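*Asks:* Give me the fold of what follows.
(chains A and B)
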There are 2 protein chains.
Amino acid sequence: MGILAVGSVALDSVKTPFGEEEEVLGGSATFFSIAASYFTDVSVVAVVGEDFPLQHIAFLQKLGIDTAGLETKSGRTFRWKGEYGTDMNTARTLDTQLNVFADFSPNLLSEQKKREFLFLGNIDPDLQRRVMEQMERPKLIACDTMNYWIVNKPDSLRETLSRIDVVLINDAETRQLARESNLIRAAKTILDWGPKTLVIKRGEYGALMIDRKSVFGTPAYPLEHVVDPTGAGDSFAGGFVGYLAAAKSCDPPELRKAVVFGSVMASFNVSEFGPRRLAELTFSEIEARYREFRALTDFGDL
Amino acid sequence: MGILAVGSVALDSVKTPFGEEEEVLGGSATFFSIAASYFTDVSVVAVVGEDFPLQHIAFLQKLGIDTAGLETKSGRTFRWKGEYGTDMNTARTLDTQLNVFADFSPNLLSEQKKREFLFLGNIDPDLQRRVMEQMERPKLIACDTMNYWIVNKPDSLRETLSRIDVVLINDAETRQLARESNLIRAAKTILDWGPKTLVIKRGEYGALMIDRKSVFGTPAYPLEHVVDPTGAGDSFAGGFVGYLAAAKSCDPPELRKAVVFGSVMASFNVSEFGPRRLAELTFSEIEARYREFRALTDFGDL
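*Replies:* Residues are numbered from 1 along each chain as shown, chains lettered A, B, ... in the order given. Modelled structure (predicted):
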């Protein structure tokens, strides 16, 4: 049972109109694992350098996250530096230092191969497949990707997507990947490549989930203070996969609830720098915000 | 009973990635009235020139719209020419010829003053107030505006908004009007000026309705073919006010349903040039799409 999360653990330096923080804990596997940890057991598979602060590992462990797969290699930790303008919807990358992450090639432990839910963060699609192939019999595989792989490894990415259950990407990436400006047609193009379900994250506009039979949409939680959007997509994925793993079901009604839990986790994450707010939640806060989503979107029958 | 709609009736020349049409029937009062006509009686107050094709007047009348307030003046009809790029979210105005619309200053007939629902399309805020002041005892006044008035007549616009029940504007206008990049804070700023409710139209991202107590959000109907977004906002307003007038209530649950009916009407309108598709609907198509919105947004309780 539980989730295996494979991705980056990084040190982020982020500037937004509301402040600036240097070398805070970041990375796709970090945000994902913290968000998912409220719902089920999570094991993280990632690599950090010798300079990675031990307090961050202790911090993840304290949240119940299994860090046995967090390898420390000689060299420096992956670093990302970015900036958000007033619209807060897209980050401008100022600097990326892959460091030890450049040679990341995870070999799963036998315990890890048995996990029923696998999340593949935004890493090289070759690597994503290499991880998938090591898994014994996962119930659900979800992945993220980004414009870098869409541009530089389109064939490998398409091969990966053909074997995925749920692809979680943002709307610009959906259009770019399918080379189609209409989002719904773009989603259908991608579904034709093989994935069962596409979850399109639209930042402050909410999320859409599309499969061959139906579309589900939800607005984002209306926030008056968005401090740092970094990790929103991975927090969303953590809430989404975390809920499904806890529900032990990927049926359509559970997938819809999972999208809402994803939106809930993203909404908490963006209200502070790094995963600070995300890491200090109680499950009743999460449930209360889920209920707020019901109140936000509810309208009467004809 | 019924609605009085005051705004423009125009001839639009529109180019989109899917085609180009010259001098099709357009204008805020046109799209609004056609959309609202499915729900209740609508009287339109607008001005056209001597060159306005009589067939357009006959077309509106055939839809049951009262055109007694559609004045014909010597001169040419208001013309707008615009173009949409692939994203289809914002029009680029290529040409605006106000013509007879430049001196538009409606004097309402005594029948018109008794209408219980008033929609003020995107016209000079001075004019919007002049119309409001002629009304006897309207149950609900809704209005639209645009960046031109936000920039050129901010004080007059604010004065108008202070007396309005429901302001329907798009998200960029909300931010511009409030001089605030966060949409929720921007909306609250505008609510502080006096209007009871703000309905923020977000194009392909749906709509948000905000009042002092709550927020309601809905995604847009997922469309694979958006042919011409012109008039989407006014069609939305027509569905919104039309439903409320038919329901004879502006209670919170009815306002939420009204937002959905607004979204329904906008979704039909954008699938053809001009008001062509909007004008050929049946009420069962409208109800069917309302039910599709329920299916699109429905998710389970905790």
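
*Asks:* Now the residue in the stretch 1-150 of chain A that chain B sits nearest to. Nearest residue, chain neighbours left out?
*Replies:* Per Cβ to the nearest Cβ, residue A:86 is where the stretch 1-150 of chain A lies closest to chain B, at 4.2 Å. Just so you know, the C-beta spots here come from the backbone N, C-alpha and C atoms, and that holds for glycine as well. Counting by Cβ to Cβ, 6 or more residues apart in numbering or on different chains, residue B:181 is the residue found nearest to residue A:86 once chain neighbours are left out, at 4.2 Å.

*Asks:* in what helix or strand does the residue of the stretch 1-150 of chain A closest to chain B lie?
*Replies:* Element membership of residue A:86, judged by DSSP states H and E, is empty: it is in no helix or strand.

*Asks:* for residue A:266, same thing?
*Replies:* In the assignment (DSSP H and E), residue A:266 maps to helix A:252-269.

*Asks:* same thing with residue A:132?
*Replies:* In this structure, residue A:132 is located in helix A:125-134 according to DSSP H and E.

*Asks:* buried ones in that helix?
*Replies:* Residues A:125, A:127, A:128, A:129, A:130, A:131, A:132, A:134 are the ones in helix A:125-134 that count as buried (16 or more other Cβ atoms under 10 Å in any protein chain shown).

*Asks:* Quick check: the fourth one touching residue A:161?
*Replies:* No: here residue A:129 does not reach residue A:161: they are 10.2 Å apart, not a contact under Cβ atoms under 8 Å.

*Asks:* Do any residues in the next helix or strand after the helix holding residue A:266 lie close to chain B?
*Replies:* Helices and strands here follow DSSP H and E; after helix A:252-269, the next one along the chain is helix A:283-297. Yes: using Cβ under 8 Å from any Cβ of the partner chain, a contact is recorded between helix A:283-297 and chain B, made by A:287, A:290, A:291, A:294, A:295, A:296, A:297.

*Asks:* What's the local residue count around the nearest residue to the third one once chain neighbours are set aside?
*Replies:* The spatial neighbour of residue A:291 that comes closest, neighbours along the chain excluded (Cβ to Cβ, 6+ apart), is residue B:302 at 6.6 Å. Here the number of neighbours of residue B:302 (other Cβ atoms under 10 Å in any protein chain shown) works out to 11.

*Asks:* And residue B:302, how close does it get to residue A:267?
*Replies:* From residue B:302 across to residue A:267, the span is 16 Å (Cβ to Cβ, to the nearest Å).

*Asks:* Where do the helices of the stretch 101-250 of chain A begin and end?
*Replies:* Here the stretch 101-250 of chain A has its helices, by DSSP state H, counting those that start in this stretch, at A:110-113, A:125-134, A:147-152, A:154-161, A:171-178, A:183-192, A:232-247.

*Asks:* Out of those helices, flag the one nearest chain B.
*Replies:* Ranked by Cβ to the nearest Cβ, the member of those that lies closest to chain B is helix A:183-192, at 4.7 Å.

*Asks:* Check whether that closest one comes near chain B.
*Replies:* Yes: in this structure, helix A:183-192 sits against chain B according to Cβ under 8 Å from any Cβ; the contacting residues are A:183, A:184, A:185, A:188.

*Asks:* Now do the contacts for the last one.
*Replies:* For residue A:188, the contacting residues are A:210, B:224, by Cβ atoms under 8 Å, 6 or more residues apart in numbering or on different chains.

*Asks:* And the second one, by the same measure?
*Replies:* Residues counted as contacts of residue A:184 (Cβ under 8 Å, 6+ apart) are A:210, A:215, B:222, B:223, B:224.

*Asks:* For ChimeraX, write the select line for the buried members of those.
*Replies:* This is how ChimeraX selects the buried members of these, with burial counted by 16+ other Cβ under 10 Å:
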select /A:210,215 /B:222,223
